[in-house]
Every structure is written in C-alpha cells, then in structure tokens.
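Visitor: Fold the stuff below for me.
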Amino acid sequence: MAFNYNALSQEGRKIELNAQGILVQVDKIFKYPLGIIRGLIKHIRPDGNAATITFTGYVSQGDYLFTFSSPERGDQLKVLYNLGGEDIWVYNIHALKLFHKLGIDKYDEILSTNFSFIDLSNADLQSNYTAMIKGNAFIRGVEAYKLVLNPIARDGVYGMLTLYVAKDRFIPLRIDFHDRDKAIFKYMTVVKIKEKDKRIIPIRYDMMNIRQGTVTIVSFNEFDETASFDKELFRSEKLGE
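Guide: Next comes the predicted model:
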C-alpha cells in the first residue's frame, strides 16, 4: 500500500497551525496591561540570602519602560522596550551609560537575577519561534499541551523552549529554557494569575536556575490602567534625562 504523502504533509501543516494558534493565545496572556504597573523582584540564593528589587513600568501599545531600584542603591536601571519588545535599550543610571541590546546581549541577566532582558520583553513567541505539539502533560494537576519551540534566529542563548499550556484556557503554566545543546538550565512557572474584564493576567512568575540553585520571583502588585504619560518616555535618547 502506497503512502499518501500529500495527506501526511497536510496533517503536518495542521499540527503546526494548531501549535502556532496556541502561541497566539499565550502571547495575549503574556502581554502587559496598558498603563502603569508596579512590582517586586526577589532573588533567593542557595544559602537563603535574598536580594529585593522594585520596579515601575510604563506601558503603551508596543512600547514600555521599566525602572529597577534597590533599597541600597536606589534607581539602578532603566530598560526600554520598543517594537513590542523586539528592540531593547538599557540605561545604567549610576554609570550614566546607554546600551543597545542586540543579539546575544539581550540574554544578559537583569541585576544578577535569573531573568534576562529578553525574558521580560514579552516579544511575541509566535514571531520568534516555530512551534510543534509534542504531546500532553500534567503540570500541577492541570492537563496541558506540551509544545517544543525552536528559535527562528540562531544568535541567542536559548537553543529551544519547552512550553506547557493549559488545555482549557491556554494559560501558560511553565517554560523550560534549553541551552544550545538542548539541555534545560532554567525554567519559569506562572504561579499566580488574576482575571479582569475577561482577561487573564499573570501576576507572579518564578524562575529557577538549575545550575546555580537560585530562584527569582517576579510579582506584579499594582496596575493603573487609567494612567496617562508622555509618549516621549519611549525614546532611547531620553533615557538619560
């Protein structure tokens, strides 16, 4: 009996389309609400010592600016995301230096935490990865799709992502980050969400670095979607003012 290669090809395209469709839903959930958001980052080392960083974000359509501060040093970094998180600028407030993060530099750690600049960029997964459904899984008792995401660009640190998405409402539950040799070196779980106006908003992420034994917790504790601000904030040349 001869194989119907056209049918197999069509089936493959259908699986790929479904996977990319899941990414569309995941990207919607990951998007920051418009307005001003405030939160806290707690980085916990293996010995139990912890560092605390606060942040304030100004979010408009496609552009957002975060200021990161610590109790010891005050305001430390301004991180500007343009073009929906694809273009990243970092201003070191104490050094008075501006950096344009390109290529592998996007994967630099934010203030020695487990989150890189690209991790908080919320750049669309659907635009940067090709996805395939690789089966099912249970994550914290929730039935999920298991997706493998391969980067379109090969100039980054992540050789692959494994994404687990709840089947019922497409909530991202966990992302495993693989290095270029496809070994998992850190993973992020969406620990807590809130629902507002029929929208799901993640409000706590935990990122575990397996090799270092460290955990970074990012919590969003305040959203002001009525706030207005000058769009000049989102110009890189204004970061040092």
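Visitor: ok, which stretches of the protein are strands?
Guide: 35-44, 50-59, 64-70, 74-82, 87-92, 97-101, 129-139, 142-151, 160-166, 172-178, 184-196, 199-209, 214-224 (DSSP state E).
Visitor: Turn these into CSV, columns for distance to residue 26 and mean neighbour count.
Guide: Placement of C-beta: from N, CA and C, glycine included. Below are those laid out as CSV (distance: least, CB to CB, whole Å; neighbours: other CB atoms under 10 Å):
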stretch, distance to residue 26, mean neighbour count
strand 35-44, 19, 18
strand 50-59, 18, 18
strand 64-70, 18, 20
strand 74-82, 18, 19
strand 87-92, 21, 20
strand 97-101, 23, 15
strand 129-139, 10, 15
strand 142-151, 9, 18
strand 160-166, 6, 21
strand 172-178, 5, 21
strand 184-196, 10, 16
strand 199-209, 10, 18
strand 214-224, 17, 18
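Visitor: what number of residues lie near residue 107?
Guide: Residue 107 has 16 neighbours, counted by other CB atoms under 10 Å.
Visitor: List the contacts of the nearest residue to it once chain neighbours are set aside.
Guide: Of all residues not flanking residue 107 in the chain, residue 157 sits nearest, at 4.1 Å (CB to CB, 6 or more residues apart in numbering). By CB atoms under 8 Å, 6 or more residues apart in numbering, the contact list for residue 157 reads 104, 107, 116, 179, 180.
Visitor: Next one: the second one from residue 118, what distance?
Guide: If you measure residue 107 against residue 118 using CB to CB, to the nearest Å, the figure is 6 Å.
Visitor: May I ask you to confirm that residue 81 is in contact with residue 64?
Guide: Yes: using CB atoms under 8 Å, residue 81 is in contact with residue 64, at 5.0 Å.
Visitor: quick revisit: relative to residue 237, which of the strands of the chain is closest?
Guide: Distance to residue 237, taken as CB to CB, is lowest for strand 97-101 among these, at 8.3 Å.
Visitor: gap between residue 68 and residue 40?
Guide: 11 Å.
Visitor: what residues do these two have in common as contacts?
Guide: Jointly contacting residue 68 and residue 40 under the rule CB under 8 Å, 6+ apart are 53, 54, 55.
Visitor: so what pLDDT did the closest residue in space to residue 87 that isn't next to it in sequence get?
Guide: Once flanking residues are discounted, residue 87 sits nearest to residue 81: 7.1 Å by CB to CB, 6+ apart. Looking at residue 81, its pLDDT reads 98.
Visitor: Residue 229 versus residue 81, what's the distance?
Guide: Noted for residue 81: a distance of 15 Å to residue 229, by CB to CB.
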